[in-house]
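[1] take a look and give me a structure for this.
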Amino acid sequence: MTLHETVCAELGRLLASGGADPRRLDAALRILCKWRSHVLQAELVRRFGVVVQGGPFRGMTYLAASSESCHIPKLLGCYEIELHPAIERAAARSYARVLNIGSAEGYYAIGLARRLPGARVGAFDADAVAQKACRSLAAMHVIVECHDCFNPAISAELARRFAPTHDIEKREQKARDVALPDLFDRLGELDRLLAVWEWRGGPTPWLVMRARQR
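    Below is the predicted model of the structure:
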């Protein structure tokens, strides 16, 4: 089945289950938004290839699709734009080691390897090795994404645990004003919004934690 056929079938199953349930309509809207995002993604790749267009990893040759979550913001270079200052500070420190825990397909792992060519970069995702790596974090600077949308106490609890050893800055996701390629000039406002949409279902703040000198 094509992408369009798959989406139509999924919507049919969802909406045929009966009842005017707002939750069902919310789910249908999310499916349609993801569908349109994939359509825009294909056009972006066709026009510009898979080279990241901006941000701290500009010029990185990437992939035509992500293993999970959104993809267009990564190709545009505006993905998690709230973290760009922290990424630039990290790149300026010339770290010898970088650990990316929960690395997915490697956007940050490969991007930081390019920015820190002398660093040894480790990428871990859903693996027992990641648990071992976590034990060494207390001696390092840490950027962690907190899924408060699943448990609103997560970011506060992590901040409490790291407070004795780290200076902590909490960054919330904000509406973003991003310069888009001219491809989007002829498209509607919704497409421009979807281009920078990161598929988040709720609050996912970040904690930027800098280890204090001991």
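
[2] alpha carbons only for contacts and neighbour counts from here, please
    Will do.

[3] now the element after the helix or strand bottoming out on mean pLDDT in the chain, going C-ward?
    When the helices and strands of the chain are compared on mean pLDDT, DSSP states H and E, helix 128-134 comes out lowest with a mean of 48. Using DSSP states H and E, the helix or strand that follows helix 128-134 in sequence is strand 142-145.

[4] pull the residues that contact that following strand.
    With contact meaning Cα atoms under 8 Å, 6 or more residues apart in numbering, strand 142-145 is reached by T204, P205, W206, L207, V208, M209, R210, A211.

[5] and if you look at stretch 159-174?
    Against stretch 159-174 from outside (Cα under 8 Å, 6+ apart): 80, 82-83, 138, 141, 203-212.

[6] let's go with 7 Å and repeat that
    Under the contact criterion Cα atoms under 7 Å, 6 or more residues apart in numbering, stretch 159-174 has outside partners E82, P205, W206, L207, V208, M209, R210, A211, R212.

[7] for the nearest residue to V52 once chain neighbours are set aside, what are its contacts?
    Leaving aside its sequence neighbours, V52 sits nearest to L75 (Cα to Cα, 6 or more residues apart in numbering; 4.4 Å). For L75, the contacting residues are V50, V51, V52, Q53, by Cα under 7 Å, 6+ apart.

[8] how many residues are close by G77?
    22 (other Cα atoms under 10 Å).

[9] wasn't V98 part of a strand?
    Yes: counting by DSSP: H, G, I helix; E, B strand; the rest coil, V98 is located in a strand.

[10] please tell me how far it sits from W197.
    Distance, V98 to W197, using Cα to Cα, to the nearest Å: 27 Å.

[11] how about the helices in this protein?
    3-15, 22-48, 72-76, 84-92, 107-115, 128-134, 154-162, 189-195 (DSSP state H).

[12] ok, which of those comes nearest A64?
    Each of the helices of the chain has some distance to A64 by Cα to Cα; the shortest is helix 22-48, at 6.7 Å.

[13] give the other helices and strands that that closest one contacts.
    Packing contacts for helix 22-48, counted by 3 or more Cα pairs under 7 Å, 6 or more residues apart in numbering; DSSP states H and E, involve helix 3-15.

[14] what residues of the helix it packs on count as buried?
    For helix 3-15, burial by neighbour count (16 or more other Cα atoms under 10 Å) applies to V7, L11.

[15] and it, what does it pack onto?
    Right, helix 3-15 is packed against helix 22-48 by 3+ Cα pairs under 7 Å, 6+ apart.
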